[in-house]
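Engineer: okay, here's the prediction I keep looking at, along with the sequence it came from:
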Amino acid sequence: RVSKEAGHDARDTPAHQAAADEAPLHEATVSAPVNIAVIKYWGKRDSKLILPTNSSLSVTLSQDHLRTRTTVRAAAEFSSDRLWLNGVEEDVAASARLCNVIATARQLRAAMEQADSTAPRLSTWGLHVCSENNFPTAAGLASSASGYAALVSALGALFELPQSATELSRVARVGSGSACRSMLGGFVAWQAGTMDDGSDSLAEQVAARAHWPQLQALVLVVSDRKKTVSSTAGMQTTVSTSPLFAERVRSVVPHRMAAMRAAIVARDFATFATLAMQDSNQFHAVCQDTFPPIAYMNDTSHAITSLVHAFNAAVGRVAAAYTYDAGPNAVLFVLRDDMRALVQLLTRCFPRPAAMSADAFYADPFAVFASPDL
Ligand code: ADP
Ligand code: DP6
Ligand code: CO
C-alpha cells in the first residue's frame, strides 16, 4: 500500500533508496515543439523511409502554448513496447512508424553498447512510453511533428545517444516527415536529399530564433476535430492523381525554397509573408486538384484569409500572412509592432466564443507578446 501522506511514501524509505541506487530508473522525459511550414512538404518518393518529393522550410514555435511531452522508460522486465497517447493505449506493433522509430533508436544504442561493455543493455529491454499533446491531435496543428520529435528526443536522452539534433532528425523523419523539422529551433529547412537510403534527407537550421525576434506567430484554432483525411493518406492520393502537384514539385518549390531562405536571412517580412501565403494557397490548390479532392480548409479558414488580405490592404503593405496545414486551423505571421492591431481586428470579426472556443487564440511570441489584451 502506498500512502500519499508526505513522508510516508514507500519511495522515501532508506531500503528503497538503497535499492534505487543499485537499480537506477532508466527513464527520460522530454518535450518538443510544433513547427509550421511556410514552404510545404506534401508528397513522398519513398513512404517507408518517408523521403519527400520536395524540400520544405518551417518555423519552430515556442513551447509556451503547443507542445508534446513524452516520457520513455526502459526495463528488462517489460515484455513488449507499449505507448499511451493522451491516456489511451496505441497498438505499437500495428504501427510501422512507431516500430521503425524505436528500432532505429535501438540500433544507435546497440552500437554504443558494443563499444562500451559496461553500458547497461538498454537496447534489449522493453519500453513504455507515455505521451501527451496539450493541443488538438490530428487537427492540422502538427501533432505528428511534435509527437515524433518528442519521442525521438526522449529516446535520445534515455539511451544517452551522442548524435546531434540534425542527425537525430533522420530518426524523427521515419516517424512523420514534418517531425524532422521539430528537432531544431528557429527557421528550419528539410532537405529532400537524393540518396535512396535517406541519409541526406534531414533537417538543418537556416537561422536561429534570435535572428528575427520581431517575427511572431498567432495560432487560430478554427476546429479541434480530428481531420477526416490524414496527412499521410492525403499526400499519397495527391502524388498519384494531381498534375498540378507534379508541376509544383518541378518548377515552383525549388525557386521558392531559395527565395524564402533569402527572405529569412534578410528579415524581409513582405517577401517572407507573400511566399508563405502563396505556398499555402498552392498546397490547398493541389489538394483540390487531387482526385477525389481534399478540402482541409473550411468557411472560417477562408474568412480568415480574406481578413488578412483586407488588413494588408488597409495598412497599405504586407503586414500579416496566413498559412494552413492539413486542417482548417490558421497560423498567422506578423511583426510585433503590428500584432496589437491584427488581434484587435480578429477579435472584432470573430468574437469569442461565437466562432472559436475560449482558448482558441494562442499568441506565440517566441518571446514576449503579452496576451492580456487578446
Ligand atoms: P497533424 O496535423 O496533427 O500532424 P497527422 O495526420 O499528420 O495530423 O498525424 C496525426 C497522428 O500523429 C496521430 O493520429 C498519431 O498517430 C500521431 N501522433 C500525434 N501525436 C503523437 C504523439 N504525441 N506521440 C506519438 N504519435 C503521435
Ligand atoms: C501540410 O508530416 O504530417 O503539414 O510524413 O505522412 O507523417 P507524414 O505527414 P506529415 O505532413 C505534413 C504536411 C503539412 C506540411 C508540412 O508540415 O510541411
Ligand atoms: Co502531421
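Structural biologist: Perfect, I can see it now. Ligands and ions are numbered 1, 2, ... in the order given.

Engineer: only C-alpha atoms from now on, for both contacts and neighbour counts.
Structural biologist: Noted.

Engineer: mean confidence for stretch 115-130?
Structural biologist: Across stretch 115-130, pLDDT averages out at 97.

Engineer: meant to ask about stretch 243-255, not that
Structural biologist: For stretch 243-255, the mean per-residue pLDDT is 98.

Engineer: same question, stretch 348-359
Structural biologist: Throughout stretch 348-359, pLDDT has a mean value of 54.

Engineer: where's the most centrally placed residue in the chain relative to S80, distance?
Structural biologist: What sits nearest the mean C-alpha location of the chain, by Cα atoms, centre = their mean, is A145, with 2.7 Å. Here the criterion is Cα to Cα, to the nearest Å. By it, A145 lies 25 Å from S80.

Engineer: picking that back up, got a pLDDT number for the residue nearest to the centre of the chain?
Structural biologist: 98.

Engineer: next, the contact list for it, please.
Structural biologist: Contacts were defined as Cα atoms under 8 Å, 6 or more residues apart in numbering; by that measure A145 touches P33, V34, N35, S176, G177, S178, A179, C180, R181, S182.

Engineer: which of these has the most neighbours?
Structural biologist: Ranked by neighbour count under the definition other Cα atoms under 10 Å, the contacts of A145 are headed by R181 with 38 neighbours.

Engineer: next, count neighbours for the residue of the stretch 101-250 of the chain found nearest ligand 3.
Structural biologist: Residue of the stretch 101-250 of the chain nearest ligand 3, by Cα to the ion: S144 (4.2 Å). Other residues lying near S144 total 24 when counted by other Cα under 10 Å.

Engineer: likewise for R69?
Structural biologist: 21.

Engineer: confirm the residue nearest to the centre of the chain sits in a strand?
Structural biologist: No: when DSSP: H, G, I helix; E, B strand; the rest coil is applied, A145 is found to be helix, with no strand at that position.

Engineer: can you report phi and psi for P213?
Structural biologist: Listed backbone geometry of P213 is phi -70, psi -20, with angles given as degrees, to the nearest 10.

Engineer: tell me how far it lies from T271.
Structural biologist: P213 sits 17 Å away from T271, going by Cα to Cα.

Engineer: what residues does the stretch 251-374 of the chain have near ligand 2?
Structural biologist: The interface of the stretch 251-374 of the chain toward ligand 2, taken as Cα under 6 Å from any ligand atom, is made up of D325, A326.

Engineer: make it 8 Å
Structural biologist: Taking Cα under 8 Å from any ligand atom as the test, the list of the stretch 251-374 of the chain residues beside ligand 2 reads F283, Y324, D325, A326, G327.

Engineer: show me what contacts the closest residue to the last one other than its chain neighbours?
Structural biologist: Taking Cα to Cα, 6 or more residues apart in numbering as the measure, G327 lies nearest to G140, with 4.1 Å between them; neighbours along the chain are not counted. Shown in contact with G140 (Cα under 8 Å, 6+ apart): K227, Y324, D325, A326, G327, P328, N329.

Engineer: cool, D81 as well?
Structural biologist: The neighbourhood of D81, defined by Cα under 8 Å, 6+ apart, consists of V92, A93, G126, L127, H128, V129.

Engineer: the host helix or strand of the last one close to ligand 1?
Structural biologist: Secondary structure assignment for V129, by DSSP states H and E: strand 126-133. Yes: using Cα under 8 Å from any ligand atom as the criterion, contacts between strand 126-133 and ligand 1 involve S131, E132, N133.

Engineer: centre of the chain versus that strand, how much separation?
Structural biologist: Relative to the mean C-alpha coordinate of its chain, strand 126-133 is positioned 17 Å out (Cα atoms, centre = their mean, to the nearest Å).

Engineer: mind listing what's buried along it?
Structural biologist: Within strand 126-133, the residues scored as buried using 16 or more other Cα atoms under 10 Å are G126, L127, H128, V129, C130, S131, E132, N133.

Engineer: who's in contact with that strand?
Structural biologist: Outside strand 126-133, the residues that touch it by Cα under 8 Å, 6+ apart are 66-87, 143, 147.
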